[in-house]
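Visitor: sequence and predicted model, in that order:
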Amino acid sequence: MPELPEVETTARLIEPGLLGRTIRGVQVDWLRSLGGMSRGKFEGAVVGAKVSRVWRRAKYVVIDLQRRGKPAGVLLVHLRMTGRLVVKGKWVEVPAYCRVGLQLDRGNLFFLDVRKFGRFSFHPESESALQHLGPEPLSDEFTQEVFFEALHGRRRAIKPLLLDQGFLAGLGNIYVDESLFRARIHPLELARHVSRVKAARLFEQIQTVLREAIVREGSSFDAFYRTPEGQPGSYQHLFQAYGRTGKPCTRCDRAIRRIVVGQRGTHFCPRCQVLSKKSR
Ligand SMILES: [Zn+2]
């Protein structure tokens, strides 16, 4: 499933084709993609609006709209399992699995989604639609101190806590496993038992992993995630834990183990990532 680096890549690559464009028409082939809005309401909300900004918050691509220079709502796109956004020239070339299409004054934006779990929804403004989300891990407001204070006192295991979008935005299964491996913290360690030193290490590794993955345009290891230009990301070549069950740890040679934590496949090194006695 696309996480922060994949969604960031998508937002960056579609922005040049969308900025300043006016929406002329819509095509909806899968109503549920609109997240509960009727086709007619959606059409009324977006047709005639101009794209003023394309950005990312957590795992959402956010498309700001304007009318006569004033804010006129946002499109929030959640790719979920198999969603993709593609900007293309001609409407006659509507790609396969297109669920929602926007006809622009120049070009088109297509939302493709094989498994149909993704969303392409309109909201009158972004604040309330995004208010449930925790801090952005690469933002200035997210500091080592803020992170340690947030972990402190939490009874939950560190992995499910990091996956909780209300705690920290944008991380998913892959980048949590990679960050915990690099910080040498067991996925079941209780958050309140993560020391200040380990929390600082984890903070640093979360940011490093995310930055490296953005540079490499995310991770592609199945048929689904591709950039808007159709290219695979390349961060999967740097995986040290995720998907490496049975392969030797890059630090100590012990075989990487897979366990299930909160219904998610979880990869770690049993020698480098030891569960503290307090958390057992
Ligand atoms: Zn190891």
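Guide: Noted; the coordinates are in hand.
Visitor: secondary structure class for the residue nearest to residue 17 when sequence neighbours are not counted?
Guide: Distance criterion Cβ to Cβ, 6 or more residues apart in numbering; nearest residue to residue 17, sequence neighbours excluded, is residue 87 at 3.5 Å. (Glycine included, C-beta is placed from N, CA and C.) Assigned with DSSP: H, G, I helix; E, B strand; the rest coil, residue 87 falls in the strand class.
Visitor: can we start the residue count at 20 from this point?
Guide: Renumbered: residue one is now 20, and that last one reads residue 106.
Visitor: where do the strands sit along the stretch 120-269 of the chain?
Guide: Assigned by DSSP state E, counting those that start in this stretch, the stretch 120-269 of the chain shows strands spanning 127-132, 138-142.
Visitor: ok, now which ones touch the nearest residue to residue 264 once chain neighbours are set aside?
Guide: Closest residue to residue 264 apart from its sequence neighbours, by Cβ to Cβ, 6+ apart: residue 277 at 4.2 Å. By Cβ atoms under 8 Å, 6 or more residues apart in numbering, the contact set of residue 277 is 264, 284, 285, 286.
Visitor: need the pLDDT of the first one.
Guide: Right, residue 264. With respect to pLDDT, residue 264 scores 98.
Visitor: interface residues of this structure facing the ion?
Guide: The chain has residues 268, 270, 271, 273, 288, 290, 291 near the ion, with proximity defined as Cβ under 5 Å from the ion.
Visitor: which ones among these map onto helices?
Guide: Of those, none are assigned to helices by DSSP state H.
Visitor: now the buried members of those.
Guide: Among the residues of the chain next to the ion, those classed as buried by neighbour count (16 or more other Cβ atoms under 10 Å) are 268, 288, 291.
Visitor: what is the end-to-end distance of stretch 45-54?
Guide: Using Cα to Cα, to the nearest Å, the end-to-end distance of stretch 45-54 comes to 15 Å.
Visitor: if we can go back for a sec, what about the residue nearest to residue 36, how many residues nearby?
Guide: By other Cβ atoms under 10 Å, 19 other residues sit near residue 106.
Visitor: who's it bridged to?
Guide: residue 128 (DSSP bridges).
Visitor: tell me the contacts of it?
Guide: Contacts of residue 106 by Cβ under 8 Å, 6+ apart are 33, 36, 37, 126, 127, 128, 129, 247.
Visitor: same question for residue 283.
Guide: Residues near residue 283 by Cβ under 8 Å, 6+ apart: 178, 182, 192.
Visitor: now stretch 58-65, how far from the centre of its chain.
Guide: 26 Å (Cα atoms, centre = their mean, to the nearest Å).
Visitor: could you export it as CSV, CA atoms only?
Guide: Taking Å, rounded to 0.1, in the frame of the first residue of the first chain, the C-alpha atoms of stretch 58-65 are listed here in CSV:
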residue,chain,number,x,y,z
ARG,A,58,-22.2,12.2,-9.0
GLY,A,59,-24.2,15.3,-9.6
LYS,A,60,-23.0,17.0,-6.4
PHE,A,61,-19.4,16.1,-7.2
GLU,A,62,-19.7,17.5,-10.6
GLY,A,63,-21.3,20.7,-9.3
ALA,A,64,-18.5,21.1,-6.7
VAL,A,65,-15.5,20.7,-9.1
